[in-house]
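**Q** Coordinates only, no sequence provided:
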């Protein structure tokens with residue numbers, strides 16, 4: 001089976017047309033404009049590719065999610081949180097968070113073009129960041145895209161111990177208080193699994209998405225603000 005090449009249209013193939021191997025590859029080409037990204041996330045599709053490749057678009061099966069009520073905080077992490085001195089904020093420094101997420105020794109897909117696309121989406125009020133500060137320095141955080149009452153996590157970084165986990169835990173409670181219903185982790189890894197994420201079928205994920213994208217969060221969720229941990 002071949003994959004679709006995207007042109008000027010923002011229309012995507014249905015996610016069930018994605019390849020089995022590599023898992024979830026659906027289409028290539030197009031750009032990372034705010035408009036195209038919005039359409040993609042609205043359909044359960046996200047970009048991921050190397051800087052020397054054309055944009056690649058994915059909808060894997062299974063899909064990693066964190067279901068409310070299933071957040072896992074281990075004993076060691078709980079002790080750390082009780083003693084923490086971090087300050088956590090929402091939408092204070094989106095550009096700095098995505099830039100730091102791109103600084104990986106093993107290489108990154110978050111090149112300048114990708115950063116520009118998500119920065120544009122942030123200006124549209126659809127992409128958001130959570131920041132962790134220590135002594136007024138940015139030491140961790142995460143960013144992602146909100147679709148209705150679903151939050152699609154994209155990337156996170158830590159410069160100090162447990163910084164990205166603290167960002168997510170504070171955001172988890174904040175998101176749920178404002179009517180959030182599900183966290184999309186895309187592909188399961190050790191970091192997200194340690195927090196309680198698990199795989200569900202793409203079919204089940206899309207069923208959730210089609211319902212949650214019609215819903216709205218309570219006002220104030222994305223206002224620049226400080227969070228309690």
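**A** Nice, thanks for sending it over. This is a predicted model, so every value here is computed, not measured. Numbering: from 1, shown residues only.
**Q** pLDDT below threshold where in this protein?
**A** 1, 105-107 (pLDDT under 70).
**Q** can you point me to the longest strand in it?
**A** Determined from DSSP state E, the single longest strand within the chain is strand 137-147.
**Q** now it, how far from the chain's geometric center?
**A** The chain centre lies 8 Å from the centre of strand 137-147; the measure is CA atoms, centre = their mean, to the nearest Å.
**Q** After it, which helix or strand is next?
**A** Sequence-wise, the next helix or strand downstream of strand 137-147 (DSSP states H and E) is strand 150-158.
**Q** what sits against residue 175?
**A** 151, 183, 217, 221 (CB atoms under 8 Å, 6 or more residues apart in numbering). C-betas here are computed from N, CA, C, even on glycine.
**Q** Break this protein down into its domains, please.
**A** 4-60, 65-227 (the TED database).
**Q** ends of the shortest one, how far apart?
**A** In other words, domain 4-60. When the termini of domain 4-60 are compared using CA to CA, to the nearest Å, they are 16 Å apart.
**Q** quick one, the longest strand of the chain and strand 150-158 angle?
**A** Orientation check (axes from the mean of the first three to the mean of the last three CA atoms, to 10 degrees): strand 137-147 against strand 150-158 gives 160 degrees.
**Q** just checking, what packs against strand 137-147?
**A** helix 34-42, helix 94-101, helix 112-123, strand 127-134, strand 150-158, helix 163-177 (3 or more CB pairs under 8 Å, 6 or more residues apart in numbering; DSSP states H and E).
**Q** still on that earlier bit, which of the contacts of residue 175 fall within strands?
**A** Filtering the contacts of residue 175 for strands - DSSP E - leaves 151, 183.
**Q** Out of the contacts of residue 175, the closest to residue 70 would be?
**A** residue 183 (9.7 Å; CB to CB).
**Q** That closest one - how many residues pack around it?
**A** When neighbours are counted by other CB atoms under 10 Å, residue 183 registers 26.
**Q** tell me which residues in stretch 205-224 are buried?
**A** For stretch 205-224, the neighbour count (16 or more other CB atoms under 10 Å) marks 205, 206, 208, 209, 212, 213, 217, 221, 222 as buried.
**Q** Out of those, which two sit at the greatest distance?
**A** Longest span within the buried residues of stretch 205-224, CB to CB: 206 and 222, 24.6 Å.
**Q** so the most centrally placed residue in the chain bridges to which residues?
**A** Most central in the chain under CA atoms, centre = their mean is residue 153, positioned 1.5 Å from the mean C-alpha point. Listed by DSSP bridges, the beta-bridge partners for residue 153 are residue 144.
**Q** Surely it and residue 186 touch.
**A** Yes. At 7.2 Å, residue 153 counts as touching residue 186 under the criterion of CB atoms under 8 Å.
**Q** Mind listing the shared neighbours of those two?
**A** By CB under 8 Å, 6+ apart, no residue touches both residue 153 and residue 186.
**Q** which ones are touching residue 188?
**A** Counting by CB under 8 Å, 6+ apart, residue 188 has contacts 62, 64, 197, 198, 199.
**Q** Now the buried members of those residues.
**A** By 16+ other CB under 10 Å, those give 62, 64, 197, 199 as buried.
**Q** Need the phi and psi values for the closest residue to residue 63 other than its chain neighbours.
**A** Nearest residue to residue 63, sequence neighbours excluded (CB to CB, 6 or more residues apart in numbering): residue 205, at 4.0 Å. Per-residue torsions, residue 205: phi -60, psi -40 (degrees, to the nearest 10).
**Q** so who does residue 222 touch?
**A** Counted by CB under 8 Å, 6+ apart, residue 222 has contacts 90, 91, 125, 128, 146.
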